[in-house]
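# prediction below, plus the sequence it came from.
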Amino acid sequence: MDERSDIPVEENNVDSDDLSLFFGAAKDVIARYTHCGVCGANLHFSYVTDFSRNVTQETARCPECSTKIRQIIHRLQ
């Protein structure tokens with residue numbers, strides 16, 4: 001467990017490949033975040049919130065190639 005929260009440490013880890021998503025011009029970053037890296041289609045995002053743990057799980061899926069692109073856990077304040 002992370003000493004600052006009740007979220008298991010493995011859910012807080014961010015892959016270094018994911019960080020490259022956030023570098024560059026704002027327009028390019030938004031395009032990389034909202035479009036599939038495989039086929040270029042718009043991603044569909046879904047969110048599930050667990051208020052007892054104060055987290056929201058974001059899942060991005062591509063409707064064209066049926067690929068689960070990423071799953072991110074966000075901590076709520």
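Alright, I've got the coordinates.
# which stretches in this protein count as strands?
For the chain, applying DSSP state E gives strands covering 44-50, 55-62, 67-75.
# single out the most deeply packed of these.
Sort these by mean neighbour count, taking mean count of other C-beta atoms under 10 Å, and strand 55-62 sits at the top with a mean of 16. (C-beta placed from N, C-alpha, C; glycine too.)
# just checking, what packs against it?
On a contact count with 3 or more C-beta pairs under 8 Å, 6 or more residues apart in numbering; DSSP states H and E, strand 55-62 meets strand 44-50, strand 67-75.
# as a markdown table, the strands of the chain with mean pLDDT would be great.
Formatted as a markdown table, the strands of the chain follow (pLDDT from 0 to 100):
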| stretch | mean pLDDT |
| --- | --- |
| strand 44-50 | 95 |
| strand 55-62 | 94 |
| strand 67-75 | 89 |
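# can you add distance to residue 23 and give those strands back as JSON lines?
Converted to JSON lines, the strands of the chain look like this (distance: least, C-beta to C-beta, whole Å):
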{"stretch": "strand 44-50", "distance to residue 23": "21"}
{"stretch": "strand 55-62", "distance to residue 23": "19"}
{"stretch": "strand 67-75", "distance to residue 23": "16"}
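# to residue 33, which of the ones you listed lies closest?
Closest of those to residue 33 is strand 55-62, at 8.3 Å (criterion: C-beta to C-beta).
# tell me the gap between that closest one and the middle of its chain.
Relative to its chain's centre, strand 55-62 lies at 6 Å (C-alpha atoms, centre = their mean, to the nearest Å).
# I am finished for the moment; much appreciated.
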